[in-house]
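In: dropping the sequence and predicted coords here.
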Amino acid sequence: MHLKLSNNKTKMCDKSISYITNKVYKKTDELCKQENRITTSDLRSLLDDVEKKVLDGTVNKVN
């Protein structure tokens, strides 16, 4: 049995996840260009910040 989730909240969540993922990739690229590398701690810090914003419901405020 295949369960399909297709309500507005799911669609909004999908868009938010996509938006955040793109922001993470963009920030990672910026860090790589600035320093020619990204450290594990930099990436963890960035992902922790993203996770906090998602949990706080402030997705649109990700810089």
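Out: Received it, and whenever you're ready, just let me know what you need.
In: which ones are touching Asp48?
Out: Counting by C-beta atoms under 8 Å, 6 or more residues apart in numbering, Asp48 touches no other residue. Just so you know, the C-beta spots here come from the backbone N, C-alpha and C atoms, and that holds for glycine as well.
In: distance check, it against Leu55.
Out: From Asp48 over to Leu55 the distance is 11 Å, taken as C-beta to C-beta, to the nearest Å.
In: give the contact list for Leu47.
Out: The contact partners of Leu47, by C-beta under 8 Å, 6+ apart, come to Val24.
In: 10 Å instead, please
Out: When contacts are counted by C-beta atoms under 10 Å, 6 or more residues apart in numbering, Leu47 touches 20, 24, 27-28.
In: Ser28 against Val50, yeah?
Out: You called it Ser, but residue 28 is Thr. No: with contacts counted by C-beta atoms under 10 Å, Thr28 stays clear of Val50, the gap being 11.3 Å.
In: and the helix or strand hosting Cys32, what does it pack against?
Out: Applying DSSP states H and E as the criterion places Cys32 in helix 8-35. Where contact means 3 or more C-beta pairs under 10 Å, 6 or more residues apart in numbering; DSSP states H and E, helix 8-35 is packed against helix 40-56.
In: can I get the CA coordinates of the helix it packs on in CSV?
Out: Only the C-alpha atoms of helix 40-56 are listed here, as CSV (Å, rounded to 0.1, in the frame of the first residue of the first chain):
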residue,chain,number,x,y,z
THR,A,40,33.8,20.3,9.8
SER,A,41,33.1,22.8,12.6
ASP,A,42,32.0,25.5,10.1
LEU,A,43,29.6,23.1,8.4
ARG,A,44,28.3,21.8,11.7
SER,A,45,27.7,25.3,12.9
LEU,A,46,25.9,26.2,9.8
LEU,A,47,23.7,23.1,9.9
ASP,A,48,23.0,23.6,13.6
ASP,A,49,21.8,27.2,12.8
VAL,A,50,19.6,25.9,10.1
GLU,A,51,18.1,23.2,12.3
LYS,A,52,17.4,25.8,15.1
LYS,A,53,15.6,28.1,12.6
VAL,A,54,13.5,25.2,11.3
LEU,A,55,12.5,24.1,14.8
ASP,A,56,11.8,27.8,15.8
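In: alright, I will stop here.
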